[in-house]
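1. predicted structure and sequence below. I'll ask about it afterward.
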Amino acid sequence: MLKNIHHIAVICSNYSTSKNFYVNILGLTVIREVYREERKSYKLDLALNGNFIIELFSFPETPERLTFPEAVGLRHLAFEVVDIENTIIKFKKQAITAQTIQIDEFTNKKYTFIFDPDNLPIELYEQ
């Protein structure tokens, strides 16, 4: 029945800040950007390695994300990286702080978290 994840939708509070983060810091590619006047909302389609993965939305007056304690719903986004230490160094140069690297107890792989401008956790998972 299901083939793949088609995309993940993320709602942001500040469109230009989040667009900068996802495009210029994470390095996702813009597929399409649309301003929907009737909704006073931007919709930005983003790709990773040519695959559509994130729909970034802005809406007026959105409530803040609940983070701690975690709420029901999407917990985080996760991206695979080749070298987690090197990735963290590159993010640090762009003022993005990563949490302490941890080891997945089931796979023995390294992982850590960074946060987008709205505090959405983004996991970096070493391949």
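-> All right, it came through fine.

2. show me the domain layout of this structure.
-> As recorded under automatic domain parsing, the domains making up the chain are 1-61, 74-127.

3. among those, which is nearest residue 67?
-> Nearest to residue 67, of all those, is domain 74-127, at 5.4 Å by CB to CB. From N, CA and C alone the C-beta is placed, and that goes for glycine too.

4. and that closest one, end to end?
-> With CA to CA, to the nearest Å as the measure, the ends of domain 74-127 fall 22 Å from one another.

5. residue 85 in helix, strand or coil?
-> helix (DSSP: H, G, I helix; E, B strand; the rest coil).

6. helix/strand/coil for the closest residue to residue 17 other than its chain neighbours?
-> When the adjacent residues along the chain are set aside, residue 17 lies closest to residue 117, with 4.6 Å between them (CB to CB, 6 or more residues apart in numbering). When states are read from three-state DSSP, the local structure at residue 117 comes out as coil.

7. quick one, grab the pLDDT at residue 117.
-> Model confidence at residue 117, given as pLDDT, is 94.

8. quick check, it in contact with residue 22.
-> No - with contact defined as CB atoms under 8 Å, residue 117 does not reach residue 22; the gap is 9.2 Å.

9. next, the contact list for the spatially closest residue to residue 110 that is not a sequence neighbour, please.
-> Of all residues beyond its chain neighbours, the one nearest residue 110 is residue 126 (4.2 Å), with distances taken as CB to CB, 6+ apart. Listed by CB atoms under 8 Å, 6 or more residues apart in numbering, the contact set of residue 126 reads 80, 81, 82, 83, 84, 109, 110, 111.

10. no more questions from me, cheers.
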